[in-house]
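Trainee: Let's see this in three dimensions:
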Amino acid sequence: MKSFVRIAACLPFAVAVGTADAQISDNVVRIGVMTDLSGVYLDYAGKGSVEASKMAIEDFAKSNSGIKVELVFADHQNKADIGSAKAREWFDRDGVDVVVDLPNSSVALAVARLASEKKRITLVTGGANLRHTNEECSPYIVHYVYDTYALANVAGKAITKQGQKNWFFLTADYAFGTSLEKAASDVVKAAGGNVVGSVKHPLNASDFSSFLLQAQASKAQVIALANGGGDTINTIKAANEFGITKNQALLGMVMTISDVHGLGLKQTEKMKLTDAWYWDQDAEAKAFGQRFFSRMQRMPNMVHAGTYSAVTQYLKTVARLKTDDSDKVIASLKSEKINDFFAKNAYIRQDGRMMHDMYLMEVKSPAESRSPWDYLKLVSTVPAEEAFQPLSESRCPLVKK
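Mentor: The predicted model follows:
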C-alpha cells in the first residue's frame, strides 16, 4: 500500500480569489492522517481512520463551494522517529495544516510536539496518553475521543464498586500502557481496591503465556489489559486457551467493537469495556455505521467515528472563518458546541480535552446478539464531567486556576 496519496474534494467550480479562499494557505486545506497501516493498531484505527476522513471530506464538499481539500496519509509503523520524520515532511514540504488520528501514544506525543512548534493543529483521535492535556498540552492540540483517565475511571470505578477489588495489570511497555496502568491503579485504590501485581510486555508481543501465568498466579479477581489492538486480541485468545477466564475476569481497557469482532462473542461475552461511541446507540450513529460498512465491510469503532467528527468540525470551522490560520481556527473550535452523531452538547476545554459523555458497555452473549455486529449493550452512561480528569487536577500550563 502506498503510504502517501492526495485526494482532492471540491465542487466543480471555484469562487473568485478574494472570497471564500482568500485566507487559505496555498488555496488548499491539507489534512494528514497519521496512523498504523501495517501493525498492531491496523484494525483499531488504520484504514478505517483514512476512510472516515475521506467520508468527512466528501460530505463537506457537498455544501462548501470554492474550498479545496486534500487528504494525505502515512503509516507511522508505531515508531516515533518515523512519525516525526513524516510529519516534518508534511509541514515543511507539503503544506499540511492539521494532523489527525495518531494511534500509539509515543508517536502521537512526538508528532504533536513538532506540530505545536510549527503552529499546526493536532486532532488526536487514536492516541490515549493523558499527557496531551496535561504536561504536554499546547494551544494547538485537541484530544478528541478518549484518554487513559477516562478509560480507567469509567470501567475501573464501576468494576471495583461491584466487589471485584483485587487487580493485576498486564501492560504494554511504552508510554500509553504506563499511563493507563497508573490511571487505573489510582482509580482502583480510590474505590477501595488493591493492585496485587503487574507485568509489562513489549508492543506487538508474539507470546503472552509467561505474562498470563504471572497474572493467574496472582489470583487477582480482575486481570486488566493495559494494552490495545492486536495485543489485546492476542492476550484474550491466550487467556481463554489457558482457561484463565473461568476463575478470573478480564478487562480490556482499550477494547473496541473491532476487537470483539476479531475474537468472537464466545471468547468475550460479559466482558466490560469503556467506549466513547457505538454504532447502534441511536439512529444517527446507525446511519453513519451503515455508510461506513458499505465502504469497509465492517462497522466503525469509536476511533473511526471520532476521526470523521474531528475532521468535519475542523473543516466547518475553516469554512466559517474563511481561513486555515491555526490560531483563529483553534480559538473558534474552543468556543463552539459540538453536536453530531458522535457527541451531543460537547465542547473543547482550555486544556484541549474534548468533553463528551463516555459509556460503560458489556459484550453480549451469542444468544443475545440479534445480527452481525450486534455485540455490545449499554451498562451506564457517564457524563463528561465525571468521566474525564477535572481541570482542578490538570497540570496543563494553559489552565487558569
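Trainee: can you give me the helices for the stretch 301-401 of the chain?
Mentor: 302-321, 326-333, 384-387 (DSSP state H, counting those that start in this stretch).
Trainee: looking at it, Met296 is touching Val50, isn't it?
Mentor: No - assessed by C-beta atoms under 8 Å, Met296 is found out of contact with Val50, at 10.0 Å. C-betas here are computed from N, CA, C, even on glycine.
Trainee: out of those two, which sits in the busier spot?
Mentor: Val50 (25 against 16; other C-beta atoms under 10 Å).
Trainee: Please report how far that one lies from Val33.
Mentor: Distance of Val50 to Val33, given as C-beta to C-beta, to the nearest Å: 5 Å.
Trainee: For Ser210, give its distance to Lys237.
Mentor: 15 Å.
Trainee: Leu391: what's it in contact with?
Mentor: Arg349, Gln350, Asp351, Val399, Lys401 (C-beta atoms under 8 Å, 6 or more residues apart in numbering).
Trainee: Show me how to select, in PyMOL, the buried members of these.
Mentor: Entered in PyMOL, the line below selects the buried ones among the contacts of Leu391, by 16 or more other C-beta atoms under 10 Å:
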select buried, resi 349+351+399
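Trainee: TSV for the contacts of Leu391, including distance to Trp277 and pLDDT?
Mentor: Listed next are the contacts of Leu391 as TSV, based on distance: C-beta to C-beta, whole Å; pLDDT from 0 to 100:
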residue	distance to Trp277	pLDDT
Arg349	19	97
Gln350	24	96
Asp351	22	97
Val399	26	94
Lys401	31	62
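Trainee: Would you format the contacts of Leu391 as TSV with distance to Ala310 included?
Mentor: Output for those, formatted as TSV (distance: C-beta to C-beta, whole Å):
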residue	distance to Ala310
Arg349	15
Gln350	18
Asp351	17
Val399	22
Lys401	27
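Trainee: re earlier: winner for burial among the helices of the stretch 301-401 of the chain?
Mentor: Of all these, helix 302-321 has the most neighbours on average by mean count of other C-beta atoms under 10 Å, namely a mean of 25.
Trainee: For Trp82, grab the count of nearby residues.
Mentor: Quick fix: residue 82 reads Ile, not Trp. So Ile82, with other C-beta under 10 Å, has 17 neighbours.
Trainee: Can you check the pLDDT for it?
Mentor: Looking at Ile82, its pLDDT reads 98.
Trainee: And Lys400, by the same measure?
Mentor: For Lys400, pLDDT reads 80.
Trainee: what number of residues lie near it?
Mentor: By other C-beta under 10 Å, neighbour count at Lys400 equals 6.
Trainee: Mind telling me what element the spatially most central residue of the chain is part of?
Mentor: The chain has Gly126 as the residue nearest its centroid, 3.1 Å off, counting by C-alpha atoms, centre = their mean. Gly126 belongs to no helix or strand when elements are defined using DSSP states H and E.
Trainee: between Ser210 and Lys237, who's got more neighbours?
Mentor: A side-by-side neighbour count of Ser210 and Lys237, using other C-beta under 10 Å, places Lys237 first with 15 against 10.
Trainee: That one touches Gln267, doesn't it?
Mentor: Yes - with contact defined as C-beta under 8 Å, Lys237 and Gln267 form a contacting pair (6.8 Å).
Trainee: got the contact list for stretch 154-165?
Mentor: 167, 184, 187-188, 190-194, 221-222, 224, 249, 251, 253, 272-274, 358-360, 379-380, 382, 387.
Trainee: Return the subset of these lying in strands.
Mentor: Residues from the contacts of stretch 154-165 lying in strands, with DSSP state E as the criterion: 167, 194, 222, 224, 249, 251, 272-274, 358-360, 379-380, 382.
Trainee: Pull out the buried members of these.
Mentor: Trp167, Val222, Ala224, Ala249, Leu251, Lys272, Leu273, Thr274, Met358, Tyr359, Leu360, Val382.
Trainee: ok, now which ones touch Lys182?
Mentor: With C-beta under 8 Å, 6+ apart, Lys182 has these contacts: Thr148.
Trainee: Spell out the secondary structure type for it.
Mentor: helix (DSSP: H, G, I helix; E, B strand; the rest coil).
Trainee: do the same with Ala74
Mentor: strand.
Trainee: number of nearby residues for it?
Mentor: By other C-beta under 10 Å, neighbour count at Ala74 equals 23.
Trainee: Is it in contact with Met34, as I believe?
Mentor: Yes - counting by C-beta under 8 Å, Met34 is a contact partner of Ala74 at 5.7 Å.
Trainee: which neighbours do those two share?
Mentor: Common neighbours of Ala74 and Met34 (C-beta under 8 Å, 6+ apart) are Gly83, Lys86.
Trainee: And stretch 42-57, how far out from the chain middle?
Mentor: 12 Å (C-alpha atoms, centre = their mean, to the nearest Å).
Trainee: any idea of the mean pLDDT in that stretch?
Mentor: Stretch 42-57 comes out at a mean pLDDT of 97.
Trainee: Could you do stretch 162-172 as well?
Mentor: Mean predicted confidence for stretch 162-172 is 96.
Trainee: Alpha carbons only: can I get that stretch in CSV?
Mentor: The C-alpha trace of stretch 162-172 is given here as CSV (Å, rounded to 0.1, in the frame of the first residue of the first chain):
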residue,chain,number,x,y,z
GLN,A,162,-19.2,-4.2,42.2
GLY,A,163,-16.9,-6.1,44.6
GLN,A,164,-14.0,-7.1,42.3
LYS,A,165,-11.3,-5.4,44.3
ASN,A,166,-8.1,-7.3,43.6
TRP,A,167,-6.4,-6.3,40.3
PHE,A,168,-3.4,-7.4,38.3
PHE,A,169,-2.2,-5.4,35.3
LEU,A,170,-0.8,-6.8,32.0
THR,A,171,0.7,-3.7,30.4
ALA,A,172,2.1,-2.7,27.1
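Trainee: Fine by me, we can end here.
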